[in-house]
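In: next one to model:
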Amino acid sequence: MNESNKYIRFDWAAKRMLRDKANFGVLEGLITVLLGEQVTIMEILQSESNQEDERDKFNRVDIKALNSKGEIIIVEIQQTRELYYLERILYGVSKAITEHISLGDSYNMVKKVYSINIVYFDLGKGSDYVYHGTTQFVGIHSGDTLQVSTKEKSALRLRTPSDVFPEYYIIRVNEFNKVATTPLEEWLDYLKNGHISDDTTAPGLGEAKQRLQYIQMNKQERQDYDRHIDAIMTQKDVLGAARLEGYDEGRTVGREEGREEGREEGREIGLKEGFIATAKKMKTMGLTSDQIVEATGLTSEEVDSL
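Out: Numbers count the residues shown, from 1 in each chain. Sure thing, here's the model as predicted:
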């Protein structure tokens, strides 16, 4: 791929570029494709994890936005496996709801939240590359869906819980292995392969073609970006090797000691050694201690001692 057709990875764009109002169209396109309705982002909300500074998250990037209806949209990109990822999704949504309602406000001020999670790791079992979850209350005998009376603008109307409760999208990027023929598949092709068709009409990708070209970055931006990509590839290689080493070590220790504890201990030793090797390489790449801690799970004291 020549540089004129090389596009910036979405995780980097989300961290550095899509928070600029001029680039909102890219993110709006992805959300529009997922939700099946036109979305206009009014503003990007600041939170601890989306501020751009030297403590930027290495593995995780998130954007929190308000759409034209005042609903909260969280877009999160996760590079490496996290054992309690579902729990963290729930925590993030709950935190977003409570952050944007003041003490003493009526409950009608609670905003619906859309949680869009773009993951580049094996989240578990499942044959699809996009999963969607909503909350519904279904009668255990009748099978019907509960509708609740609510007051809006001095009028009563019926709403279902799914109108109020959060919606969740999990995009399993690595599971996408198709020829892109729909707008959603075109987005997956970009998220996984960095490819955008010349004749794309998918919402947001036309803007991405114009605004997220590698060739448009200056020299310093390219150096930062290339180092980011190199760090991701190195981390994946080392962590993959660590898993294999941990497995082999566990089998050896387990055979020698004849117990499950030995196998588990061996795996832990191998993984820890892999994390240490990753941290050392990240240090040589110029990443900060906070970034290395976030990427490896080591303590700051362990990183500083390397």
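
In: quick one: contacts for the closest residue to residue 17 other than its chain neighbours?
Out: Using C-beta to C-beta, 6 or more residues apart in numbering and skipping residues adjacent in sequence, the residue nearest residue 17 is residue 23, 5.4 Å away. No exception for glycine: its C-beta is placed from N, CA and C like everyone else's. Contact partners of residue 23, counting by C-beta atoms under 8 Å, 6 or more residues apart in numbering, are 13, 17, 207, 211.

In: just residue 112 next, same as before
Out: Residue 112 neighbours (C-beta under 8 Å, 6+ apart): 71-72, 163-167.

In: and the residues you listed, which two are the farthest apart?
Out: 72 and 163 (14.5 Å; C-beta to C-beta).

In: so which of these two has more stuff around it?
Out: A count of neighbours by other C-beta atoms under 10 Å puts residue 72 above the other of residue 72 and residue 163, at 21 against 14.

In: what's the separation between the residue nearest to the more buried one when sequence neighbours are not counted and residue 204?
Out: Leaving aside its sequence neighbours, residue 72 sits nearest to residue 113 (C-beta to C-beta, 6+ apart; 4.6 Å). Distance check for residue 113 against residue 204: by C-beta to C-beta, to the nearest Å, it reads 21 Å.

In: again with residue 223
Out: Distance of residue 223 to residue 204, given as C-beta to C-beta: 27 Å.

In: got it, and residue 41?
Out: Separation of residue 41 from residue 204 (C-beta to C-beta) stands at 11 Å.

In: so for the two, which residue has more residues nearby?
Out: Neighbours around residue 41 and residue 204, counted as other C-beta under 10 Å, are more numerous at residue 204. The numbers are 23 against 18.

In: what are the phi and psi values at that one?
Out: Main-chain torsions, residue 204, degrees, to the nearest 10: phi 90, psi -30.

In: repeat for residue 145
Out: Per-residue torsions, residue 145: phi -100, psi 130 (degrees, to the nearest 10).

In: what do residue 41 and residue 204 both touch?
Out: Listed as contacting both residue 41 and residue 204 by C-beta under 8 Å, 6+ apart are 27-28.

In: just the buried residues of the contacts of residue 112.
Out: Among the contacts of residue 112, those classed as buried by neighbour count (16 or more other C-beta atoms under 10 Å) are 71-72, 164-167.

In: can you flag which of those belong to strands?
Out: If you go by DSSP state E, those have 72, 167 in strands.

In: same list, the buried ones among the contacts of residue 112, but as a markdown table with distance to residue 196 please.
Out: Shown next, in a markdown table, are the buried ones among the contacts of residue 112 (distance: C-beta to C-beta, whole Å):
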| residue | distance to residue 196 |
| --- | --- |
| 71 | 28 |
| 72 | 28 |
| 164 | 36 |
| 165 | 34 |
| 166 | 30 |
| 167 | 27 |
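
In: of the buried ones among the contacts of residue 112, which is the nearest to residue 219?
Out: Comparing the buried ones among the contacts of residue 112 against residue 219 with C-beta to C-beta places residue 72 closest, at 37.4 Å.

In: and the closest one, what does it touch?
Out: Residues in contact with residue 72 (C-beta under 8 Å, 6+ apart) are 45, 64-66, 96-97, 100, 111-114.

In: and stretch 198-213, how far out from the chain middle?
Out: 21 Å (C-alpha atoms, centre = their mean, to the nearest Å).

In: contacts for it, please.
Out: Residues outside stretch 198-213 that contact it (C-beta under 8 Å, 6+ apart) are 4, 6-8, 13, 17, 22-23, 25-30, 32-33, 183-184, 186-187, 190, 196-197.

In: next, the buried residues of it.
Out: Going by neighbour count (16+ other C-beta under 10 Å), the buried part of stretch 198-213 is 200, 202-209, 211-213.
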